[in-house]
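Chemist: Fold the following, please.
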Amino acid sequence: MGKLLVIVGPTASGKTNRAVSVTKRFGGEIISADSRQIYRGMDLGTGKDLEEYDGVPYHLIDIRPAGDKYNLFEYLRDASAVRRDIEGRDRLAVVCGGTGMYVEALLNGLALPEVPVNEGLRKELEGQTLEELTRRLERMKTLHNVTDVDTCKRAIRAIEIQTYYLEHPELAVATRPEPVKDAVIIGIDIDRDTRRRRITERLHSRLESGMVDEVRRLIDSGVAPEDLIYYGLEYKFLTLYVTGQMTYDDMVKGLETAIHQFAKRQMTWFRGMERRGFTIDWMAWDMPEDEFLSHIAERLK
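Modeler: Numbers count the residues shown, from 1 in each chain. All right, here's what the predicted structure looks like:
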């Protein structure tokens, strides 16, 4: 396969807009690397902003119903298949998103086995606190991904997966990793103060656009509140508000803080990727478009 262009950065940095510009200029298609934009009906809360794509083909958005549990195994399988299809048509594949775990695993060429449900283990873990589950998981592996212990459901699934790998060490990596060669990784660099301002402005804009009603519609359609809470961030806080467990003001304040913390964790992950050997070319979030595209053209040669 040819060169793979990857555009990463924290939330509210303008990644999608940059990816759209690139695909229009160089004849590409976008592969989303966002773990929540997978789900249909979760639009405002995940910041899909589909109008930004302006006709540009995109993949791995709106492919699962809300309430489903899409995982890393499925992402690696689907993203690899999409990339082969795009490049088989002589087009540029552009991976764009802020889920660092997805991006890094894809670049590492990992292929993971599908881990089945372990009902016995789930019954054993049922009723344990998040702190207890976290301690158990920490005894099994180093926690690089804090979203593993964002909720009890996530922690139980992470323990289930790790238990499976311990019981089947030969399947811990199903195939020998084949790291992506010729990957061009662009990071959208945005200073902390601007990032925080944009996050706050975007949050209030989405609340005014009906983000609370979106959560109500999802619940009314049959999605269980606990399943929405599982997704974290907007869906966790908005669901707690809609179900009467949090006041509106506390919800907004708590959610804003959580998004700022999330953006910080995203940057920690990307900086960690650099320490783990990946070269990320950081470019200013407000760089003029022509200058940005000229730089990309040089990197793709």
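Chemist: contacts, neighbours, all on C-alpha from now
Modeler: Will do.
Chemist: give me the number of residues near Ala297?
Modeler: For Ala297, the neighbour count with other C-alpha atoms under 10 Å is 13.
Chemist: Check Thr46 too.
Modeler: The number of residues packed near Thr46 is 19, by other C-alpha under 10 Å.
Chemist: Tell me how far it lies from Ile161.
Modeler: The gap separating Thr46 from Ile161 is 26 Å, by C-alpha to C-alpha, to the nearest Å.
Chemist: got a list of what the closest residue to Tyr75 other than its chain neighbours touches?
Modeler: Among residues not flanking Tyr75 along the chain, Tyr102 sits closest, at 7.3 Å (C-alpha to C-alpha, 6 or more residues apart in numbering). Tyr102 sits next to Ala33, Asp34, Ser35, Leu72, Tyr75, Leu76 when contact means C-alpha atoms under 8 Å, 6 or more residues apart in numbering.
Chemist: what helix or strand is the fifth one on?
Modeler: Element membership of Tyr75 [criterion: DSSP states H and E] is helix 72-88.
Chemist: which residues touch that helix?
Modeler: Outside helix 72-88, the residues within contact range by C-alpha under 8 Å, 6+ apart are 1-2, 28-29, 31, 59-60, 92-93, 102, 105-106, 110-114.
Chemist: Recalculate using a threshold of 6 Å.
Modeler: With C-alpha atoms under 6 Å, 6 or more residues apart in numbering as the test, helix 72-88 has contacts from Leu112.
Chemist: Would you mind writing the CA trace of the following helix or strand past it as PDB?
Modeler: The element immediately downstream of helix 72-88 (helix or strand, assigned by DSSP H and E) is strand 92-96. The C-alpha trace of strand 92-96 is given here as PDB (Å, rounded to 0.1, in the frame of the first residue of the first chain):
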ATOM      1  CA  LEU A  92      -5.100   8.800  -0.700                       C
ATOM      2  CA  ALA A  93      -6.200   7.300   2.600                       C
ATOM      3  CA  VAL A  94      -6.300  10.000   5.400                       C
ATOM      4  CA  VAL A  95      -6.800   8.800   8.900                       C
ATOM      5  CA  CYS A  96      -8.200  11.600  11.100                       C
END
